[in-house]
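Q: just to be clear, the model below is a prediction. Sequence and coordinates:
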Amino acid sequence: MPFAFYDRLSPRRQRIYDRSDRIEAVPVPGVEALQPIVESIAQALATGHPRATELACQRLLDELTRRLQVPPVRIKVYRTRPQMADGELHGLYEPTQDGTPPKISVWMRTARRRQVVKFRTFLRTVLHELCHHLDYELYKLPETFHTEGFYKRESHLLRQLAGESPPAGKRNEVQSAPSTLPHPPREVRRAPR
């Protein structure tokens, strides 16, 4: 079922949206071998050091892009999430057109309390931004939208790498919610620092 903004899209963009919506999984070959890298992200995040977390995340992204046979992407981990009028910025994908690898920016601390983000929430954000990259490079979509299929792909990647979510009563982290707007086409967007 399309999100509210679907009716405002041109017929061409609706076809792109529909293609994205039909893709619900991202099978990763040999995903079990990535478990030590995922654990290293959890350990680095727990230290509160952006650089250690960034290095661990880059190893994971390098392996995922290699296994999925798509061009590499670079990640930058910043300390505190920027505040926005309607919340906090969790992550940002910046495609490029000059041949340099696209960039993913993520933040490891909440804006208000400056607490380190829960591991599963942080990993979901990294994978969410990777899904934008995969839309362009793996699925060859000319635009990347937040569709139900997009969120299913994000969740599928998360389950492969971090297992199932804990039961609802034991959860204390933010879950992804559908955006009300499509992700812009391949244009360079600047990340706040």
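A: Alright, I've got the coordinates. Residues are numbered from 1 along each chain as shown.

Q: any weak-confidence spans in the protein?
A: Using pLDDT under 70 as the threshold, the predicted model of the chain has low-confidence ranges 1, 166-193.

Q: all the strands of the chain, in order from the start?
A: Applying DSSP state E to the chain gives strands spanning 74-80, 83-84, 87-88, 91-94, 103-109.

Q: quick one: residue 139 and residue 23 touch, right?
A: Yes - taking contacts as C-beta atoms under 8 Å, residue 139 lies within contact range of residue 23: 6.1 Å. For glycine as for every other residue, the C-beta is placed from the backbone atoms N, C-alpha and C.

Q: what sits against residue 75?
A: The neighbourhood of residue 75, defined by C-beta atoms under 8 Å, 6 or more residues apart in numbering, consists of 54, 57, 58, 61, 103, 104, 105, 106, 126.

Q: again, only using 10 Å
A: 53-62, 91, 101-106, 126, 129-130 (C-beta atoms under 10 Å, 6 or more residues apart in numbering).

Q: filter those down to the ones in helices?
A: When the contacts of residue 75 are checked against helices using DSSP state H, the ones located there are 53-62, 126, 129-130.

Q: how about CSV for the residues you listed, with distance to residue 2 added?
A: Formatted as CSV, the entries for the ones in helices among the contacts of residue 75 read as follows, by distance: C-beta to C-beta, whole Å:
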residue, distance to residue 2
53, 35
54, 36
55, 39
56, 36
57, 32
58, 35
59, 36
60, 31
61, 30
62, 34
126, 26
129, 22
130, 23
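
Q: coming back round to it: want to throw the strands of the chain into a markdown table with distance to residue 120?
A: Conversion of those to a markdown table gives the following (distance: least, C-beta to C-beta, whole Å):
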| stretch | distance to residue 120 |
| --- | --- |
| strand 74-80 | 16 |
| strand 83-84 | 22 |
| strand 87-88 | 17 |
| strand 91-94 | 14 |
| strand 103-109 | 13 |
